[in-house]
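Trainee: return a 3D structure for these sequence lines:
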Amino acid sequence: MTVAAARDDPRFAPVEPEELPRLALEISVLTSAEPVPLAPVDPARIVIGRDGLIVRRGRHIGLLLPQVAAEYHWGPEAFLGAACRKAGLAADAWRESGTEVVTFQADVFGEPGEGGRGKGEA
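Mentor: Numbers count the residues shown, from 1 in each chain. Reported below is the predicted structural model:
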């Protein structure tokens, strides 16, 4: 799976051999997803740095890990908007009935050094 992500993910250019020394492996073990009560979703229920998001509407789905919002210094509404965009939806689709939002947490394990966070750090 790691090799496929490095070489075959259509969203990114393949990893070049000279980049390998600067890469660090990170694994996020996800908890069970918990639905956020439907329409309207209360952004205050989302804790940045703790919660990850899954947004679903029809065949569209987007998932962002908990550490993403913290890395980009997003608040809950920006995080919801980014998850919607990742799902191929409008940024404010989380406000619409028929859009399901669920949260989850993650235990993060990684290599020390650039890019790695180590166990449990977000």
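Trainee: the chain: helices as residue ranges?
Mentor: Applying DSSP state H to the chain gives helices spanning 2-8, 66-72, 76-86.
Trainee: tell me which of those helices sits most buried.
Mentor: Neighbour counts (mean count of other Cβ atoms under 10 Å) averaged over each of those peak at helix 76-86, with a mean of 20. Glycine gets a C-beta too; all of them are placed from N, C-alpha and C.
Trainee: how about the strands of the chain, start to end?
Mentor: Taking DSSP state E, the strands of the chain run over residues 26-30, 34-35, 52-57, 60-64, 100-104, 106-110.
Trainee: picking up where we left off before, using a markdown table, lay out the helices of the chain together with mean pLDDT and distance to Ser32.
Mentor: Below are these laid out as a markdown table (pLDDT from 0 to 100; distance: least, Cβ to Cβ, whole Å):
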| stretch | mean pLDDT | distance to Ser32 |
| --- | --- | --- |
| helix 2-8 | 84 | 24 |
| helix 66-72 | 96 | 14 |
| helix 76-86 | 98 | 18 |
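Trainee: want to throw the ones you listed into JSON lines with distance to Phe109?
Mentor: Shown next, in JSON lines, are the helices of the chain (distance: least, Cβ to Cβ, whole Å):
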{"stretch": "helix 2-8", "distance to Phe109": "13"}
{"stretch": "helix 66-72", "distance to Phe109": "12"}
{"stretch": "helix 76-86", "distance to Phe109": "22"}
